[in-house]
Structures are given as C-alpha cells and as structure tokens.
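**Student:** Model the structure of this input:
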Amino acid sequence: MKRRPWSLALLLIVACTTPGPAQRFSWSTYEKMPDDWFRGDEGTEVDENVLAHQSDLGDCPKNIDTSKPPANLDRSRIHGTFVNGATVGEVRFLARSHRATGRGPARQDCFKAIDHVLRAQYPNGGRPLTYPPGWAIHATSHSTTTRCST
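**Tutor:** Prediction:
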C-alpha cells in the first residue's frame, strides 16, 4: 500500500477548519426554571436577548443562541426560519416568561411569532422553511414547528 503524505495533511486541514456544531437556543435549558428565575436579573436578561433576536415578522434565526446578546441589533436584517427548532423554542420561552412575570413585551412578541407561523401555513398543513417564502418555497413537514403546532 502506497502512502500518500498529502492525504494525511489534507485530512488534518479539513478536520481543523470544519466548524463545530452551531450554538443555538435550547428551550430545555429553561423549561424547568422556577418563576423566580424568570423574574430575576438573569431571566430578564435572557428575555431581552430573545426579544432582540426576533425579526420584525416574529420569527428567529436558526443555529444562533438567542439567549445571548445579539451581534447585530438591527431587527430588520434578521432572517428567521422555522427549521431546526428555530422560533419554536423562543416562542415557548417567551410564553413561559410572560406567565411568570406578566411582562408585556414577552406576550406581544410571543403572539407576533405565533401569528407569523400561522400565516405561513399552507392549506395542506405544511410550511415553507421561511416566510414569506424566498429561496425555499416547498413545504416542510420535518420541522419542529409542524410537530409543535399540530
């Protein structure tokens, strides 16, 4: 067997430059938090961060940890989606936050997101990956949005 030294070097380069798994919002981190946590400083900060990541339409970007401060505060530039759990976890968080705190912005933006998801729904029950549909106009049924809202 002939060894190719360049193949090992190529493998190492690819392994070292391939990005790891993207960080994203994880509802399971927050769902069991007590109401007092949502009322406290940390809960308030996460609530504000989630709201800052929400687009003007009501959806959230995927593969971003929306519990952390946003890099870009221009909500008009946020391109949200319903894929890979995006938007669903944030909606659940905002609903839980409002229930625990009574804060109006969490309630308003939660309903904005739910209305957006419902507007996106096709007559057959599917949804595009984004709404209004851009490059992805075909319905998706593997999305957690579909499973959570039916």
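**Student:** so where do the helices sit in this protein?
**Tutor:** Using DSSP state H, the helices of the chain run over 5-17, 35-39, 41-53, 88-101, 104-120, 144-149.
**Student:** Of these, which stretch is the most buried?
**Tutor:** Most buried of the helices of the chain by mean neighbour count (mean count of other CB atoms under 10 Å) is helix 88-101; its value is a mean of 22. C-beta here means a position set from N, CA and C on the backbone, and glycine is covered the same way.
**Student:** which other helices and strands contact that one?
**Tutor:** If you count contacts as 3 or more CB pairs under 8 Å, 6 or more residues apart in numbering; DSSP states H and E, helix 88-101 packs onto helix 35-39, helix 41-53, helix 104-120, helix 144-149.
**Student:** What's the per-residue pLDDT of Ile78 here?
**Tutor:** Looking at Ile78, its pLDDT is 85.
**Student:** ok, now Cys110?
**Tutor:** 90.
**Student:** for Thr145, same thing?
**Tutor:** Reported pLDDT for Thr145: 49.
**Student:** burial count for Asp124?
**Tutor:** Residue 124: Asn, not Asp. 8 (other CB atoms under 10 Å).
**Student:** if we compare the helices of the chain, which one ends up closest to Arg75?
**Tutor:** Set against Arg75 and scored by CB to CB, the helices of the chain come closest in helix 41-53, at 7.5 Å.
**Student:** one step back: let me have the helices and strands packed on helix 88-101 in TSV, extended by distance to Arg77.
**Tutor:** Below are the helices and strands packed on helix 88-101 laid out as TSV (distance: least, CB to CB, whole Å):
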stretch	distance to Arg77
helix 35-39	28
helix 41-53	11
helix 104-120	17
helix 144-149	22
